[in-house]
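Participant: Provided below for reference: sequence and predicted model.
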Amino acid sequence: MLKPVSKRSLAAEVFAQLRDHILEGTLEAGEALPAERTLAEQLQVNRGAVREGLKRLEQAGLVAIQQGGATRVLDYKRTAGLEILASMMVRGDGTVDTAIARGVLELRTQLAPIVAKLCTERAKEDVHMRLTAIVREMQASRGDLPTLQRLALDFWAAMVDGTENVALELAFNSLASTYSGVLDQFTQILATEVGAVDDFEALVEAVIGQQPKRAASKATQIVSRGAQAIEGVLAALDTVQQGMQGAKGGAKP
């Protein structure tokens with residue numbers, strides 16, 4: 001099940017391997033992990049690296065370390081946070097869990113109008129100035145998709161700051177971290193969203209003009225473009241990955 005790790009970052013590799021096995025269900029909730037010494041032998045690393053890797057798993061809400069007892073796998077759906085989404089979305093073998101990806105997409109789509117409404121109601125002048133400056137940069141960068149993509153992330157970060165809601169800020173951080181892992185691959189896919197500069201400008205006007213309903217509507221309009229494009233890609237991925245699984249299942253030994 002486990003394999004020797006590379007030397008680039010022993011603790012990180014230990015963490016990554018065990019994390020992937022937990023998220024993929026190879027290691028089930030309630031199951032005890034092998035002893036620290038056994039793990040070190042299987043992974044061909046020192047016990048310090050194993051210990052640090054296990055601490056990271058505990059911090060991520062994936063295992064419970066009992067002093068003097070076994071380290072047990074937790075039910076991550078009850079104990080982990082949004083920060084594991086990126087690891088769940090792209091499996092260890094490089095395939096994409098499209099159900100998780102759709103869940104992230106749905107969360108993003110539902111949060112956008114809430115963020116827009118609260119930002120409109122609470123944002124102060126400094127946030128208004130940030131949003132205005134970002135939109136000006138977007139206008140000057142029309143056609144430059146990588147730059148627009150980066151500015152769009154900055155835009156939503158400013159919007160979330162404007163809500164003055166720490167829970168939303170932390171949720172955004174996790175979603176942004178998940179998104180940043182596939183940023184380059186999504187450049188063309190999200191062209192219709194990040195390229196709609198006029199809609200971003202209209203959203204800023206609604207925020208500054210204290211029009212929460214219009215702001216929420218514009219936010220939904222913006223992210224729906226990206227959602228539609230991403231759904232098309234996920235549907236295609238479903239077809240390809242199902243075909244790959246079928247080919248493996250039908251392969252003769």
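Facilitator: On my side now, so go ahead. Numbering: from 1, shown residues only.
Participant: Got phi/psi on residue 63?
Facilitator: phi -140, psi 160 (degrees, to the nearest 10).
Participant: Would you mind listing the residues in contact with it?
Facilitator: 18, 22, 33, 54, 57, 71-74 (Cβ atoms under 8 Å, 6 or more residues apart in numbering). For every residue, glycine as well, the C-beta is placed using N, CA and C.
Participant: From those residues, which land in helices?
Facilitator: 18, 22, 54, 57 (DSSP state H).
Participant: Does residue 233 lie in a helix or a strand, and which?
Facilitator: Element membership of residue 233, judged by DSSP states H and E, is helix 212-250.
Participant: Let me see the ranges of the helices in the stretch 51-200 of the chain.
Facilitator: For the stretch 51-200 of the chain, applying DSSP state H, counting those that start in this stretch gives helices covering 76-79, 85-89, 98-122, 125-140, 145-163, 166-180, 191-194, 197-208.
Participant: Could you tell me how far the third one lies from the centre of the chain?
Facilitator: When you say that, I think you mean helix 98-122. Chain-centre distance of helix 98-122: 13 Å, with Cα atoms, centre = their mean, to the nearest Å.
Participant: and that helix, what does it pack onto?
Facilitator: In terms of contacts (3 or more Cβ pairs under 8 Å, 6 or more residues apart in numbering; DSSP states H and E), helix 98-122 is packed against helix 85-89, helix 145-163, helix 166-180, helix 197-208, helix 212-250.
Participant: quick revisit: and the contacts of residue 63, which is closest to residue 193?
Facilitator: The nearest member of the contacts of residue 63 to residue 193, counting by Cβ to Cβ, is residue 22 at 33.3 Å.
Participant: quick check: domain ranges of the chain?
Facilitator: Structural domains assigned to the chain are 10-80, 85-248, following automatic domain parsing.
Participant: could those domains be laid out in TSV, adding distance to residue 4 and mean pLDDT?
Facilitator: As requested, the domains of the chain are exported to TSV (distance: least, Cβ to Cβ, whole Å; pLDDT from 0 to 100):
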stretch	distance to residue 4	mean pLDDT
domain 10-80	4	94
domain 85-248	15	92
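Participant: want to throw those domains into TSV with distance to residue 2?
Facilitator: TSV is the format used below for the domains of the chain (distance: least, Cβ to Cβ, whole Å):
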stretch	distance to residue 2
domain 10-80	5
domain 85-248	12
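Participant: Now for the spatially closest residue to residue 95 that is not a sequence neighbour: which residues touch it?
Facilitator: Of all residues not flanking residue 95 in the chain, residue 241 sits nearest, at 5.7 Å (Cβ to Cβ, 6 or more residues apart in numbering). Counting by Cβ under 8 Å, 6+ apart, residue 241 makes contact with 95-96, 98.
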